[in-house]
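>>> Structure for the following, please:
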Amino acid sequence: MTEPRANETDKSSLPVGRDIARFGFAIALTVALGAVQVFVLPRRLEIATYGEYRLFMVYVAYVGLLHLGLADGAFVRWAGESATEIRREWTRVFFWMLGLESAVLVLALIASLVMRDSITAAIVLAIGACALFVNLSTLSGYALQAAADFRGAGIVAVIGPAGFVAAILLLPLSSLNAVLAAYAGTMGISALVGAILVARLHPAASDRESNQPISLVSLLHKGRHVLGSNLAAGLAQSVDRILVTLFVPMTGIALYGFASSVSVAGISATQTMQRVALSHAAHRHGDERAKFFGRFYDLTLMAYGLALVGVPFFEHAVTRALPAYVPALSMVRAFVAGAPFWIALHVVVVGTLQSHHHVKTQFAVELGGAAIVATVCGVCLAIGTPLWVVATAASIAAVVSWGIGVLALDRVVPAAKSQGALRFLGTCAVQCAAMGVAFSASSGWMVQTAIYAGLAGVPTLVAIRGARAALRND
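Now for the predicted structure:
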């Protein structure tokens, strides 16, 4: 993160709510499109084939590692810079990324040709293609976010999932190869659109050049710590799914993967708030950054409280439309319970640490979270517990990881002690308990929704009130 420059317009007074609304609308649309995938693909594919698709989704989530920190280093460099400066440097970084990921794709192609198992070969080749397209999209999205063009960043974020859903609805995709081709192809469209949008950020002739020359080595050096933290963050939220793919039959992978798909909403909310927060925090000084990030506790509570309203209907819809996946609903409830803590960890705790340049502490917190999840879920799988117990263990690990992160943050950033972590914990407990009471009291989704709204309405309204102040940037 860079300090604001004296000769630049102070963007700290700009409303956070505007940028969250712009970027968040696209992310919310992505979540809605993901819901279409949840209900359409399992009906198109046999359960074993759907399990193979979920296997691909577990590992394709890590293609960001294959840019070796280049995109993260560019985002760190561009945070707080003008759109003109970003546009000037983006072309060079784009071609560096293109060359790096093209090499990855060639290696994936060679590996797929020598593999005997056709399913594994198809997955490896698709991951190689996604590494090229997703990382190019990420670079363009980061450039647009750093330039405060959250409308453009939202378009880049949504165009790939939207194209994939369109392909699912319009094309007769009934095999794994067809689904993987559609997925990689739509990510390619996203990469193209992102490049076009960044190219439209035309530099002004009067703007000065950067005093620090850009180089591939410097960007990789800047981005390696962030990349390591992102890897640890990704592992913390998905290492349980990796372990499941290693120890559970394909049918179990399908059920667990189906249940974990609800985490898409939480991951999308995290991406929205984290990127907007980091972009705005770059224009604040010292302790103001910690106080600014603390406001996102209320935003998380608001989003979580409102999202829980839809859980009873989701379970009703699964029961009616996808009876084969009803056993996954107990896992869904477990994942939902841990979702707000992953959001708070990565937006408030990690965001504050990164903005204050405590990247080693950030990495330690993320890696510790991954280790906790791996340990508790690994033990559960080793002793043969049901998969809903594994999901519950992952959510408990999320709470513990967040708590450890809060303690670490308070130690290195004293101003963070006023962020309201205890109030966040209490409100989450009330919201989760309200949903538990609703499920225990009735089997009808409308009655469950009404009970939850009645019990969790007041704390959620309090969170909404606090979130409004954050959105106004008061």
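
>>> And the helix or strand containing His225, what does it pack against?
Assessed by DSSP states H and E, His225 sits inside helix 216-247. For helix 216-247, the packing partners by 3 or more C-beta pairs under 8 Å, 6 or more residues apart in numbering; DSSP states H and E come out as helix 47-60, helix 70-78, helix 83-114, helix 250-260, helix 350-355, helix 359-382, helix 387-412. For glycine as for every other residue, the C-beta is placed from the backbone atoms N, C-alpha and C.

>>> phi, psi of Gly444?
In terms of degrees, to the nearest 10, the main-chain angles of Gly444 are phi -90, psi 130.

>>> quick one: contacts for it?
Neighbouring residues of Gly444 by C-beta atoms under 8 Å, 6 or more residues apart in numbering: there are none.

>>> now do Ile47
250-251, 254, 324.

>>> Of those residues, just say which sits nearest to Phe39.
Comparing the contacts of Ile47 against Phe39 with C-beta to C-beta picks out Ala324 as the nearest, at 12.4 Å.

>>> pLDDT at that closest one, what is it?
pLDDT for Ala324: 90.

>>> list the contacts for it?
Counted by C-beta under 8 Å, 6+ apart, Ala324 has contacts 42, 47.

>>> try 10 Å this time
Contact partners of Ala324, counting by C-beta atoms under 10 Å, 6 or more residues apart in numbering, are 42-43, 47, 50, 251, 254-255, 258, 318.

>>> One more: Val348?
Val348 sits in contact with 273-274, 277, 290, 293-297, 299-300, 402, 405-406, 409, 416, 419-421, 424, where contact means C-beta under 10 Å, 6+ apart.

>>> Just the buried residues of the residues you listed.
Buried members of the contacts of Val348, scored by 16 or more other C-beta atoms under 10 Å, are 273-274, 277, 290, 293-297, 299-300, 402, 405-406, 409, 416, 419-421, 424.

>>> so how many other residues sit close to Glu315?
18 (other C-beta atoms under 10 Å).

>>> Can you give me the distance of it to Leu387?
17 Å (C-beta to C-beta, to the nearest Å).

>>> Gly305 too?
Taken as C-beta to C-beta, the span from Gly305 to Leu387 is 27 Å.

>>> Compare these two (neighbour count), which wins?
Here Gly305 and Leu387 are compared on neighbour count by other C-beta under 10 Å; more neighbours surround Gly305, at 26 against 22.

>>> quick one: contacts for the closest residue in space to the more buried one that isn't next to it in sequence?
Nearest residue to Gly305, sequence neighbours excluded (C-beta to C-beta, 6 or more residues apart in numbering): Thr460, at 3.2 Å. Thr460 makes contact with 301-306, 308-309, 427, 430-431, 434, 452-453, according to C-beta under 10 Å, 6+ apart.

>>> Generate a ChimeraX selection restricted to the buried subset of those residues.
Only the buried entries of the contacts of Thr460 go into this ChimeraX selection, using 16+ other C-beta under 10 Å:
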select :301,302,303,304,305,308,309,427,430,431,434,452
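
>>> would you turn the contacts of Thr460 into a markdown table with distance to Ile196, secondary structure and pLDDT?
Listed next are the contacts of Thr460 as a markdown table, based on distance: C-beta to C-beta, whole Å; DSSP: H, G, I helix; E, B strand; the rest coil; pLDDT from 0 to 100:
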| residue | distance to Ile196 | secondary structure | pLDDT |
| --- | --- | --- | --- |
| Leu301 | 38 | helix | 89 |
| Met302 | 34 | helix | 87 |
| Ala303 | 31 | helix | 84 |
| Tyr304 | 35 | helix | 88 |
| Gly305 | 38 | helix | 89 |
| Leu306 | 34 | helix | 86 |
| Leu308 | 38 | helix | 90 |
| Val309 | 38 | helix | 91 |
| Thr427 | 43 | helix | 93 |
| Val430 | 46 | helix | 94 |
| Gln431 | 42 | helix | 94 |
| Ala434 | 46 | helix | 94 |
| Tyr452 | 44 | helix | 94 |
| Ala453 | 44 | helix | 93 |
